[in-house]
Every structure is written in C-alpha cells, then in structure tokens.
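Undergrad: what follows is a protein structure lacking sequence information:
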C-alpha cells in the first residue's frame, strides 16, 4: 500500500490504484458511502450502447455469495438503503447505513462489483425492465428532447448516445459481454471509495483492501475524444400539447480555466426565478411554465443549453425572446445579476456539506476529475473572482465557439419556424 496522503478529508491510495477518501462528520450517526467508477456511457463500444446502464441494474441481481433478495434484505435489515446511478462519464454504487454498519455496506457493494452472478434468467428479466424504461422515456417528450439534443450536438459518438441504449442493443447483451465491459473499464486507478458521516477512515481502508483488492491496477482505455458538431433535429408530427425546445452551444470542459465564469453567466441567464429567462419568458410574457439554462461539463468538452416548453402557437415569439435574452445577457449583464448568481453558486456548494450523501458524491467526483478534494474556500474563491467582464466575455465566447444545436418535439407546423433560433445565433456568433 502506498503511503497515506496527509489531507483533510483523509485519503489513502491502495496498491492497485483504488482511492479511499473519507470525511468524518461527527454530528451524524449515519454514513453515506459508495464506489464511484470513472466509466460511463461514453466508454461503450458501438455494439455496447446501453451496457453501462444495464451493468448497473445487474449489480443488484445476485452475486456468487448473495441472491438478489439477500442483497436487499441484508441492507434493509439494518435500516439502510442501496442504490446506483449511471452517467455519461461515471457510474456509482452507494448505500446509506448507521456508522456501525459501514463494513457490511462495503462488503455488499464490493461483492456486487467483484463477483456478479449475471444469471441468464435474471439478465433476460432485466432486458425487459430496461426496454420498458426506454419506452417510458420515448413517451416523455421533455426527457426525449434532451436525448435528441445530446445526439445532435455529438452525432455518431459515444458521448452523444443515450445512456439507456436501444431495445435491440440491450437485448443483445449476454453475461460474457457484461464481463468483458466490466473487466475493461472497472479498474483500480479509476475507482473511488468515498464515505462521509459517521465513518472511520482506517476501517474503510481496511474493508476496501479486503474487498476491492482484486481490481486490476492497470488503467482503463481512454474514451473517444468528443467532437462537437451541432445542427438541427426536429421531431415533428407527434400528438403533443406543447412544443419542447432546446437551444444549445458548445460549452467548456470542467478542466477549462473559464468554467467558473461560464457557470456564473449561465446561472444569471436562466438559473432561477429571478433570472433573465424566467422573468421575461414566463413572468412578463407568460409563454411557458418552465424555462431555464444549463451547462454540462465533461472531461474534454461541454454543452450549454436553454430548455423551454410552450404552446404551438407561441413558438415564434418564444424563440425570438430566448435569442434576445441570450444576446442581452452577453452585452448587458449587470453587477446585481452577477452578485446574485455567485450567491446561488455558493449556497449550492455549502449545501453539499450538510448532507453526508451529497458530500460523499462531491468528494468522489472531485477525485475522479481533479485527483484531489477541492477545499471549499478554493472553489468559493474562484467563483468570487469572476468579474462582470469575465462573465460577459464567457457569454461572448460561447456564441463565438461554433454552430448552435437546436432540437424540438411537438406539432410539426409549430417546429418549422423554430430553426430560426439556430440561424440567429449563428449570425450573432459571426
């Protein structure tokens, strides 16, 4: 085992590269912990579309030592709960238990990752479950439009594919294919065991060494580098009451030094009820129920977007107002808006310290992204350092970065005029 790094929270890196990070929160009696792996949907090969998500589902369907029922019963017998989540760049398996039951939770979580049964009958049942999940997503336009948005921004690339996969790909996955993906991507150097709350660091390290020592020390393959393209993708002809619209531009990687300025700009534009988009589009004009802007940061790229849903007859006015507000924020963001956006960012950061689950997730993500926990004062300092000129410049760079992405679902005629959004943003970026 490598020497323990002196840091607060405490960190230990095992010989096989697995990192253990803990933050003892002395006022809590419960603990949140989990295993985060730096592998997600963008690590899939072309014939593996959806396998990361299926693997997460199958993790709870039995191991060499435990049946699916035993996994649930052992955790719930001590009052705990267990869950998992898949994203584009990582997958997490986590539990919440009393502090005294941390060893049990770690044993169960490690068991499902190192000795999954992948029983063929269970696999077939889970194929059906996920196909139903895909069907539900297809029937939910305000979810589906985001999948189309990602696909149009990064066409023909793993990062642009939906996390769920397709019915055809999901049904094609066999136990051997799952084991191949697991062995290729679940490696020590990209595995983080994070725990917060009523935890003892040395105990967590000992349990991790015992249970995850079989993770290979070699690094997993690097994912395909993302190449933003943008463009227009319309899904007309559906019997929907509303048109669902997404307008986007290429954003920044979370490693980019300009990320904090862009996040402040994005939040000021459409991050709350006081934002420009909410006040003008909903409050002043009543064009929609929901409208907001967002920025998704990845390892090597990012994606900025604005979502809104509106009546088919209001699409024209909505797109006019949205483009005006984006350009207006670039040229006219105020000190009052800047201060408010910064305050919202700081509250979000501080809130993570009030929940053991949020804290464990925050630490794990920081370790995966930066290789170290980022002190709160460092993050707050970078947010506070963003000037009005920085935020405006981030908006201008956003418009100048490349071709817009526009996706929409709804009545066909209502969408025909929506392409003007992309055209206007292109003109403004020129």
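TA: Thanks, I have it. Because the structure is a prediction, the values reported are computed rather than measured.

Undergrad: low-confidence ranges, the stretch 101-250 of the chain, go.
TA: 236-238 (pLDDT under 70).

Undergrad: ok, which stretches of it are strands?
TA: Here the stretch 101-250 of the chain has its strands, by DSSP state E, counting those that start in this stretch, at 191-197, 231-236, 242-250.

Undergrad: give me the helices and strands touching the following helix or strand past the longest one, please.
TA: Moving toward the C-terminus from strand 242-250, the next helix or strand (DSSP states H and E) is helix 259-270. Identification of packing neighbours for helix 259-270 by 3 or more C-beta pairs under 8 Å, 6 or more residues apart in numbering; DSSP states H and E yields helix 276-277, strand 291-297, strand 302-311, helix 315-332, helix 335-351, helix 376-384, helix 388-400. Every residue, glycine included, has its C-beta placed from N, CA and C.

Undergrad: pull the distance from the longest one to the chain's centre.
TA: Meaning helix 315-332. Centroid separation for helix 315-332 versus its chain: 27 Å, with C-alpha atoms, centre = their mean, to the nearest Å.

Undergrad: any idea which of the strands of the stretch 101-250 of the chain is most buried?
TA: Per-stretch averages of neighbours, counted by mean count of other C-beta atoms under 10 Å, single out strand 191-197 among these, with a mean of 28.

Undergrad: now what about that strand, what contacts it?
TA: The contact list for strand 191-197, computed with C-beta atoms under 8 Å, 6 or more residues apart in numbering, reads 9, 17-25, 28, 30-38, 99, 102, 106, 204, 208, 212, 215, 356-357, 359-361, 363-364, 367-368.

Undergrad: what's the residue nearest to the spatial centre of the chain in contact with, if anything?
TA: What sits nearest the mean C-alpha location of the chain, by C-alpha atoms, centre = their mean, is residue 87, with 5.1 Å. Residues near residue 87 by C-beta under 8 Å, 6+ apart: 40, 41, 163.

Undergrad: apply 10 Å and report the result again.
TA: The neighbourhood of residue 87, defined by C-beta atoms under 10 Å, 6 or more residues apart in numbering, consists of 40, 41, 42, 52, 53, 163, 296, 298, 365.

Undergrad: export those to CSV and tack on neighbour count and distance to residue 279?
TA: Supplementary listing: the contacts of residue 87 in CSV, determined by neighbours: other C-beta atoms under 10 Å; distance: C-beta to C-beta, whole Å:
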residue, neighbour count, distance to residue 279
40, 23, 36
41, 27, 35
42, 23, 36
52, 27, 39
53, 25, 37
163, 21, 33
296, 17, 24
298, 21, 30
365, 20, 32
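
Undergrad: in the stretch 301-430 of the chain, where is pLDDT below threshold?
TA: 412-414, 416-430.

Undergrad: what would the strands of the stretch 101-250 of the chain look like in JSON lines with distance to residue 384?
TA: JSON lines is the format used below for those (distance: least, C-beta to C-beta, whole Å):
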{"stretch": "strand 191-197", "distance to residue 384": "25"}
{"stretch": "strand 231-236", "distance to residue 384": "37"}
{"stretch": "strand 242-250", "distance to residue 384": "26"}
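
Undergrad: so which of these gets nearest residue 80?
TA: Nearest to residue 80, of all those, is strand 191-197, at 12.0 Å by C-beta to C-beta.

Undergrad: give me the sheet partners of the closest one and which way each runs.
TA: strand 19-24 (parallel), strand 30-37 (antiparallel) (DSSP bridges).

Undergrad: which of the ones you listed sits most buried?
TA: Mean neighbour count, computed with mean count of other C-beta under 10 Å, is highest for strand 30-37 among the strands paired with strand 191-197, reaching a mean of 25.

Undergrad: wait, residue 311 sits on residue 244?
TA: No - in terms of C-beta atoms under 10 Å, residue 311 does not count as a neighbour of residue 244; the distance is 11.4 Å.

Undergrad: find residues that contact each of these two.
TA: The contact sets of residue 311 and residue 244 overlap at 288, 410 (C-beta under 10 Å, 6+ apart).

Undergrad: what residues of stretch 164-180 count as buried?
TA: Of all the residues in stretch 164-180, those buried under the rule 16 or more other C-beta atoms under 10 Å are 164, 165, 167, 169, 170, 172, 173, 177, 178.

Undergrad: contacts for that stretch next, please.
TA: Stretch 164-180 is contacted from outside by 41, 44-55, 57-58, 86, 116-120, 122-124, 126-138, 147, 161, 181, using C-beta under 10 Å, 6+ apart.

Undergrad: for it, measure first residue to last.
TA: This stretch, stretch 164-180, spans 19 Å end to end (C-alpha to C-alpha, to the nearest Å).

Undergrad: roughly how far is that stretch from the heart of the chain?
TA: 22 Å.

Undergrad: and for stretch 163-173?
TA: Remark: stretch 163-173 is offset 20 Å from the chain centroid, using C-alpha atoms, centre = their mean.

Undergrad: please apply the same query to stretch 178-192.
TA: Its chain's C-alpha centre and that of stretch 178-192 lie 19 Å apart, by C-alpha atoms, centre = their mean.
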